[in-house]
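got a sequence here, can you model it:
(chains A and B)
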Amino acid sequence: MKKLAVLTFIILLLPLSLSAGVNEYKLDNGLKVLVIEDHKAPLATFQIWYRVGSRDEPAGKSGISHLLEHMMFKGTPKYGSKAFSKMVERKGGADNAFTTKDYTMYYQTLASDRIDISIELEADRMQNLILDLKEVIAERNVVMEERRMRYEDDPQNSLYEEVLAAAFKSHPYHWPVIGWMSDISSIERSGLLSHYKAYYSPDNAVIAVSGDVKAEEIIKKITASFGNIPPASGRAVVTSREGEQKGERRISLKREAELPYIITVYHTPSFPHPDSYALEVLGMILSGGKSSRLYRSIVYEKKLAISASADYSGFNKDPYLFLFDATAAPGKDIKDVENALYAAIEQIKKELPSEREVQKAKNQIEASFVMGQDSIYFQAQIAGMFEMLGSWNLKEQYLENIRKTTPEDVSRAAKKYLHEDNRTVGILIPTKNSK
Amino acid sequence: MKNSKFKKIIISSIIFNFALLIFNFPLHALDANKKILPNGLTVLHSEKHNLPIVMITVIVKAGLLDEPKEKAGLAHLTAELLDEGTKNRKSAETSEEIEFMGAGLGASAGDDYTTITLSVLKKDIEKGFEIFSDIIMNPLFPQEEFDRKRELIKGSLKQREEDPSFLAERSFNKEVFGEHPYGRLVEGSTETLSEITREDLLRFHSKYFTPNNAMLSVVGDLTPDELNSLIKKYLDSWKIAELPERKIYPMNEEKTRKAVKIDRDVTQATIIIGHLGISRDNPDYYAVSVMNYILGSGGFSSRLMQKIRDEMGLAYDVSSFFTTNKEKGLFQAEVQTKNESANTAIEEILKQIEKIRNEEVSDEELSGAKDYLTGSFPRKLDTSRKIADFLATVEFYNLGLDYAEKYTSYINAVTKEDVQRVAMKYLDAENFILIVVANQKKAELKY
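Numbering: from 1, shown residues only, chains lettered A, B, ... in the order given. Sure thing, here's the model as predicted:
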């Protein structure tokens, strides 16, 4: 019954690094498994990725994916609340999880001879979650505290939330992953249960394991534990698309804060769109360290801001954003900061970046991948994340296309996306008048 | 400077943070070699050839402890300006060269020492090492860079006032340590920063940044011969100097109880409860590690987490920790909860402190803590970066290269009686400093 469709690819991940192989398997029930062997230390990371995030939530139930992630730690009939975490801690391991717009990931890192714990307990909680009513209510309160801590009481994060909500009108990227407060408080057990049943199934999941393990042994164990879990049906397909923006949107947020702060975002396509590589390089040229353009001009030379940065956020399922933010220096006008950001953008449209600047950006991206390989967690995470976006081997395509990017590509991408009509601007206006 | 803020928000829901003792992992099978050069520099080296990368950490014994009160922020400002202009290159040249290699260069000052780090690809090690030694040995602290950096730090201090945890911690440190340097922010304050001059930095640097007051730790794809030739080429001119004497500041050990209430327009109360703790060389360090794991640092297993988060649903994060430095550090329990439940959370934390003082912990708790503390160290040392930092710190605190075996046996020797004894000795539910940043009207504190 449990025939394996084994597709093993051994590829060179990076010309600079040692060859690292990703062994790919697919069980009959649709579960994809990626195993990366790295025997430098007696440790292993087990990650399970579910294709569900705030993108998949119905309006009025924002935050349900994240609350469900919390509930995944609250036990099954066989293993009680927090039993999984405690077992992992008892072995000196670490475990955690996070939810994003597009996916939810659970991981444990522990001694490689204890990896069976992960396999058995992840398989168990994929099928048998209790979702106890009392626990749901308690955890809802915990998440509301989390929201207070991360957003309500943080002026800059609050602005971020406002800007996203203004930039996206029809697409679920409109709401924050953690959810709106009133939505969180209205999530019931029944809603969590149907969300769980629809999305937590083998055909909607990917397992990435890396570290001191043997691929053939791991896949046998995973097949034994997960092979009998049936696939699910009835997942809604996200059909929402954000229409083209035709004119700048501006919002302001007035609240107790110390310094004015600006976030400016532009709609951009996501990886693997052909423009995504140039946008990534553009982000680096603008914001990759103290030699980058925004720091040099706005913080260092003009002294208008205490920080200024850009980030192309391209690893998403649907088109997302190119983001800028800056905190005004004391006594400086946020309007001048904003104009300085636009001046930096106009500059790169008018004049091609130098070959050296583009090469520097490429070197930074490449070096960060090489150094990241030192972490088994990073290796599994990169494979898992690319798999969420289509396939783990897109990583090669990503690095290959970054290497091919030219100064012309960068300037063209800036012209195409970083223009006024495509932008949403948010300004934090401190109401407290401190010295 | 990729925007960490956005990254932080996007990965927005890590479900809890571990707050462990700053120092709880042993040296284990690291194959590290140690030697002391003629100029007094201690060198630690471990070869790792799994990837073409090299990670370097230098610790210089200069920190908060070495700056005068009226010039608080001096060590931090010095560290921040190391790469902003040297005898051989301008500020912009340093960052341009480093970033062109995709390398990383960092410097930061702490309570007891300053750390300077380099992460570089093997193919660029020559250039990287040259720049690294240049910023440590030859910084010029140009007046223009000095003025600019000082204003940036002042601005960032102002911005951080938006963060309730920052306000609470700053106030807590001040109350616990009083006039002792540990009571001040490493960044100093707007006032003390204004007192610092470029000459202060030059003096501070020439006094403390000497090879016999420093240790170099190198981990990665580098053979001993390669390392020796780099050292010879670039660190040979680093001259030994008279060792600066470290001033010992008295610590106020008097027991007091005090509540500080800071009023802000926030939805959550940020609460810190605590008092003076222990130093790193206290023999009870290991028993304290076990005790505090059970109380509040043990992730989901800790009593504070189980009670306040899991059972009561009062907080997303609650933890306790001891900071352990050259001199006595602090003990603190911290929680964020909605204004209205502040009293309940404080009451529960105090109850848990009382409980661990008055009752023996269970066998299961004791063995769970030991299993975690001894079992987690391979994970703490699973990258070359972590090992490089670890070797340098082990050296700074004089823990010895056999720290691995010692650590495990010390932890395993802790008994239930020890746990209760150190709880009685180092925790206090009567005399403590309480800091609450909240909407005080809604919090209606009883304390």
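
chain neighbours aside, what residue packs nearest to the residue nearest the centre of chain A?
The centroid of chain A falls nearest to residue A:100 when counting by Cα atoms, centre = their mean (5.3 Å). Leaving aside its chain neighbours, residue A:100 sits nearest to residue A:53 (5.1 Å; criterion: Cβ to Cβ, 6 or more residues apart in numbering or on different chains). C-beta here means a position set from N, CA and C on the backbone, and glycine is covered the same way.

what's the burial count for the residue of the stretch 251-400 of chain A found nearest chain B?
As assessed by Cβ to the nearest Cβ, chain B sits closest to residue A:367 within the stretch 251-400 of chain A, at 2.6 Å. Neighbours of residue A:367 under the rule other Cβ atoms under 10 Å in any protein chain shown: 21.

likewise residue B:123?
The burial count for residue B:123: 14, using other Cβ under 10 Å.

for residue B:68, see how far away it is.
44 Å (Cβ to Cβ, to the nearest Å).

also residue B:104?
32 Å.

so for those two, which residue has more residues nearby?
Higher neighbour count among residue B:104 and residue B:68: residue B:104, with 19 against 13, using other Cβ under 10 Å.

tell me, how many residues neighbour the residue nearest to the more buried one when sequence neighbours are not counted?
Closest residue to residue B:104 apart from its sequence neighbours, by Cβ to Cβ, 6+ apart: residue B:119 at 4.1 Å. Other residues lying near residue B:119 total 24 when counted by other Cβ under 10 Å.

residue B:119 should be in a strand, yeah?
Yes. Per DSSP: H, G, I helix; E, B strand; the rest coil, residue B:119 lies within a strand segment.

test my guess that it contacts residue B:103.
Yes. Assessed by Cβ atoms under 8 Å, residue B:119 is found in contact with residue B:103 at 6.1 Å.

any residues in contact with both of the two?
Contact with both residue B:119 and residue B:103 is made by no residue, according to Cβ atoms under 8 Å, 6 or more residues apart in numbering or on different chains.

residues touching the residue nearest to the residue of the stretch 251-400 of chain A closest to chain B when sequence neighbours are not counted, list them.
Nearest non-adjacent residue to residue A:367, counting by Cβ to Cβ, 6+ apart: residue B:102, 2.6 Å away. Residue B:102 is in contact with A:363, A:364, A:365, A:366, A:367, A:368, B:121, counting by Cβ under 8 Å, 6+ apart.

and residue B:102, that one's in a helix?
No. Residue B:102: not assigned to a helix; according to three-state DSSP it is coil.

assign residue A:280 to helix, strand or coil.
helix.

what is the neighbour count of it?
26.

residue contacts, it?
Contacts of residue A:280 by Cβ under 8 Å, 6+ apart are A:312, A:314, A:365, A:402.

what do you get for residue B:99?
Contacts of residue B:99 (Cβ under 8 Å, 6+ apart): A:288, A:289, A:290, A:291, A:292, A:360, A:364.

pretty sure the residue nearest to residue A:100 contacts residue A:98?
No. Counting by Cβ under 8 Å, residue A:53 stays clear of residue A:98, with 9.9 Å between them.

so what sits against both of the two?
residue A:104.

in the sheet, who's paired with residue A:311?
residue A:323 (DSSP bridges).

any regions of the stretch 201-350 of chain B where pLDDT drops low?
Along the stretch 201-350 of chain B, no part satisfies pLDDT under 70.

in the stretch 51-200 of chain B, which residue sits closest to chain A?
residue B:102 (2.6 Å).

between the contacts of residue B:99, which is closest to residue A:299?
Proximity of these to residue A:299 (Cβ to Cβ) peaks at residue A:290, which lies at 8.7 Å.
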